[in-house]
Structure formats: C-alpha cells, structure tokens
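In: I would like the atomic coordinates for the input below:
(one chain, ligands or ions: 3)
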Amino acid sequence: MDFSAQQNFDHDQQAGVGILLTNLGTPDAPTRQALRTYLKEFLWDPRVVEEPRWKWWLILNGIILNTRPAKSAAAYKEVWSDEGSPLLAIGKKQCAKLQQVLQKKCGDKLHVELAMRYGNPSIKTGLESLRRKNCRKIIVLPLYPQYSATTTGSTFDAVSDALKTWRRVPELCMIDAYHDHPAYIAALSDSIKQYWQEHGEAERLLMSFHGIPESYFQAGDPYPCHCRKTARLVRENLGLDEEQAQLAFQSRFGKDPWVQPYTDETLKAWGKSGPATVDVVCPGFAADCLETIEEIGIENRDYFLEAGGTRYRYIPALNDSNAHIDALAQVVLQRL
Ligand SMILES: C=CC1=C(C)c2cc3[nH]c(cc4nc(cc5[nH]c(cc1n2)c(C)c5CCC(=O)O)C(CCC(=O)O)=C4C)c(C)c3C=C
Ligand SMILES: [Fe+2]
Ligand SMILES: [Fe+2]
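Out: Ligands and ions are numbered 1, 2, ... in the order given. This is a model prediction of the structure:
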C-alpha cells in the first residue's frame with residue numbers, strides 16, 4: 001500500500017470540510033474510441049450489470065464494445081457543445097455555484113469538488129483535491145435524488161476504494177437520497193409552474209425517470225419507490241390528478257424486462273389515442289445530458305408525433321438554477 005502521497009500534508013493547518021459532488025460520468029469526446037473506454041469502465045461495474053462475470057465478460061468484450069461505441073458516439077455528437085459534454089459542463093457550473101452559496105453561509109473552510117463515477121474527473125482525483133485542502137470531514141453528495149445500488153451504491157464503492165490508500169481516513173458522510181426533500185420537490189414543481197406560465201400548459205405531464213432492471217427492484221433496490229414518491233409529491237404540489245401527471249421509466253438497456261411503464265411505449269400509446277399535447281420532465285436527472293437532450297428531447301418526441309400527437313415539449317432539468325443550488329445546499333447543510 002502506498003501512503004507516500006501524504007508526506008507533505010500540513011497537520012497544523014486548520015481542518016476544513018469537503019463536499020464531493022458526483023454524477024454518473026461521460027466520455028472524454030464524442031468518438032468511438034472515447035466511448036469504448038468509457039463504456040468499458042461503466043458497463044464492467046458489477047453494480048450496473050449483475051450478470052455472472054465470465055458470461056458478461058464474453059458479451060461485453062465480444063459484442064457490446066464492438067457495436068455500441070459507434071452508435072453512442074453518434075448520439076453524443078448530437079448533444080456535444082463548445083463546452084464539451086453537457087453533463088460535465090453543467091456539473092462544473094453546479095459545483096462553482098454550490099461553493100459560492102455554501103461559502104457565504106459557512107466561510108472559506110468549505111470546499112466543493114466535482115467528480116464523475118466513470119471517466120473524468122475521477123472520484124479519486126476529487127477526493128485527493130479535498131485532502132490537499134485539508135478537509136478532515138467529507139460529505140459525498142451523488143447527484144441522484146433517488147437511491148439505486150446501480151448509481152448511488154456504486155458511487156459509495158468508488159469512494160471507499162479510493163480511501164483504501166489514505167493513512168488518515170476522513171470523517172465521512174454519504175448522502176444516500178433526497179427524493180422527498182421539500183426544497184428539491186419545491187424546486188422541481190416551481191420550475192414546471194414557471195415553464196407553464198411562460199409557454200402554457202400541456203394536456204398531460206409525463207415524469208420520466210431512468211429505469212433499472214426489474215430483477216434489481218425484486219432483489220430490494222428501492223429506486224422505483226423513490227421515483228414514485230418524487231412523482232407523487234410533485235403531482236400533488238402542482239394540483240394535478242393521476243391521469244394528468246404520470247410516471248414512466250426510460251433508457252432500457254438489453255433484453256431483460258426493466259421497471260415499467262416504459263417511457264417510449266407510453267408516448268407511442270398517448271400519440272395514438274391519448275392527449276394531443278404532452279410536456280415531459282425528467283426529475284431524476286440533476287443535469288441535462290444524453291438521456292434527456294437526445295433520448296427525451298429528440299427520440300421520444302419523434303415517437304409521440306409519429307404516432308399522432310400534435311405538440312411535444314421537454315421541460316429542462318434543474319441544472320444550475322438558483323432554486324436547485326439552494327436545494328442542494330440545504331441537503332448538505334443538514335449534514336454539517
Ligand atoms: C446497463 C445498464 C444501465 C443501468 C442499470 C443504468 C442505470 C442508471 N443510469 C442513470 C443515469 C445516466 N445514464 C446515462 C447513460 C447511460 N446509461 C447506460 C446504461 C445503464 N444505466 C448506458 C449504456 C449509458 C451511456 C449512453 C449510451 O450508450 O446510451 C447518463 C448520461 C451520461 C451522459 O454523458 O450524458 C445518465 C445521467 C441512472 C440515474 C440510473 C439508475 C437509476
Ligand atoms: Fe444509465
Ligand atoms: Fe439512452
């Protein structure tokens with residue numbers, strides 16, 4: 001074990017508190033090669049794909065990593081901006097703003113760093129930055145409001161792994177979920193209300209969350225229950241009934257059943273015989289990314305309109321809005 005990196009650590013400096021803000025991750029570039037590297041790390045995580053290792057190794061290396069990277073790179077090209085990947089660019093803004101808000105409240109012993117579970121900047125790098133700033137207490141805030149072993153659980157694995165080589169392990173607080181935090185629910189509801197004030201209301205609201213395999217839920221992952229609670233609280237806050245505002249799960253991967261109802265099938269059915277106008281919001285995504293901009297903003301729009309719907313709009317994620325950053329600050333401050 002290598003503890004040498006800590007030799008220059010200043011033991012006398014006053015200790016600080018670090019906040020590690022994390023998100024899923026994103027490729028370094030929208031290219032086949034960068035996607036291959038990224039997907040290899042992501043899809044080899046046993047929290048994400050629970051298949052027996054030998055079997056999954058053959059499928060991943062024999063099929064998926066030879067086909068998916070080119071397809072995913074084309075999709076990423078559609079959302080890539082001058083600032084790079086939206087998820088990372090928005091993450092950097094969220095991090096800088098949260099630092100400002102928390103420093104105003106708590107002073108300059110508080111440091112916020114951004115890290116990605118897969119790809120860069122890594123969790124190891126983020127934690128090391130906080131160590132250099134002499135943070136003896138670290139609060140990990142994964143930007144997933146709803147807990148899932150595939151996301152939040154996996155982030156905690158990576159944090160624990162990174163700390164294995166530290167001689168002085170910091171006091172640690174891992175925030176597991178904030179799916180029903182009043183400030184998060186208020187920020188979501190207010191952003192929908194504001195969108196409707198500016199653009200008018202649709203006949204129906206679809207709250208679309210990323211899915212997980214149905215078998216993970218059966219094995220005890222509380223994720224779908226967290227999503228349902230978020231959706232119910234937002235719906236109640238907006239004063240809508242169960243027909244006017246509904247929930248669905250997107251981004252199914254592979255052939256096994258995932259938690260239902262599926263977003264794409266719901267929108268195709270609504271296009272055929274349901275409401276003429278639909279607004280879609282993705283409360284589980286703290287930042288707009290491939291899954292919201294491309295999958296919801298483009299792909300699912302086409303499904304709805306081609307099936308007969310007349311108007312489809314995507315309401316942006318909370319991103320770096322003041323209400324969102326204030327909500328995240330409140331989630332963190334409760335743990336200080
Ligand atoms: C293979 C299984 C997958 C599980 C389980 C899964 C869970 C899960 N993912 C998110 C959030 C995001 N996923 C994103 C991209 C993405 N997700 C998967 C697969 C699983 N996700 C893949 C293969 C990809 C890559 C894109 C692709 O090739 O289609 C992203 C976007 C990242 C970006 O750079 O924009 C997010 C965010 C959650 C919340 C979740 C379970 C709760
Ligand atoms: Fe995903
Ligand atoms: Fe997707």
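In: now do the helices in the protein.
Out: For the chain, the helices defined by DSSP state H occupy 32-43, 53-59, 65-79, 86-106, 123-132, 154-163, 182-199, 214-218, 223-238, 263-273, 300-306, 322-333.
In: near ligand 1, which residues of the chain are found?
Out: Contacts of the chain with ligand 1, taken as CB under 6 Å from any ligand atom, map to 24, 26, 43, 48-49, 68, 72, 85, 87, 144, 148, 150-151, 210, 212, 223, 251, 253, 284-285, 289-291. For glycine as for every other residue, the C-beta is placed from the backbone atoms N, C-alpha and C.
In: out of these, which sit inside strands?
Out: Residues of those located in strands (DSSP state E): 24, 210.
In: any of the residues of the chain next to ligand 1 buried? List them.
Out: Applying 16 or more other CB atoms under 10 Å to those, the neighbour count classes 24, 26, 43, 48-49, 68, 72, 85, 87, 144, 148, 150-151, 210, 212, 223, 251, 284-285, 289-291 as buried.
In: out of the residues you listed, which touch ligand 3?
Out: Residues of these in contact with ligand 3 (CB under 5 Å from the ion): 251, 291.
In: residue 298 reaches residue 290, doesn't it?
Out: No: between residue 298 and residue 290 there is no contact under CB atoms under 8 Å: 10.4 Å.
In: ok, now which ones touch residue 307?
Out: 267-272 (CB atoms under 8 Å, 6 or more residues apart in numbering).
In: 6 Å instead, please
Out: Counting by CB atoms under 6 Å, 6 or more residues apart in numbering, residue 307 touches 268, 271-272.
In: what's the separation between it and ligand 1?
Out: 23 Å (CB to the nearest ligand atom, to the nearest Å).
In: then residue 326?
Out: Distance from residue 326 to ligand 1, counting by CB to the nearest ligand atom: 22 Å.
In: how much space between that residue and residue 167?
Out: Distance of residue 326 to residue 167, given as CB to CB, to the nearest Å: 37 Å.
In: neighbour count: these two, which is higher?
Out: Neighbour count, other CB atoms under 10 Å: between residue 326 and residue 167, residue 326 has more, with 16 against 11.
In: per-residue confidence at residue 274?
Out: Predicted confidence (pLDDT) at residue 274: the value is 87.
In: burial count for residue 82?
Out: Counted with other CB under 10 Å, residue 82 comes out at 5.
In: and it, what's its pLDDT?
Out: 95.
In: ok, it to residue 199 distance?
Out: Counting by CB to CB, the separation of residue 82 from residue 199 is 26 Å.
In: give me the contacts around stretch 280-300.
Out: So stretch 280-300 is contacted by 75, 78-79, 86-87, 90-91, 143, 146, 188, 206-210, 230, 251, 264, 267, 314-317, 319 (CB under 6 Å, 6+ apart).
In: can you give me the end-to-end distance of it?
Out: End-to-end distance for stretch 280-300: 10 Å, by CA to CA, to the nearest Å.
In: nearest residue to the residue in the stretch 1-150 of the chain positioned nearest to ligand 3 other than its sequence neighbours?
Out: Here the residue of the stretch 1-150 of the chain nearest ligand 3 is residue 75; by CB to the ion that distance is 7.4 Å. Of all residues not flanking residue 75 in the chain, residue 294 sits nearest, at 5.2 Å (CB to CB, 6 or more residues apart in numbering).
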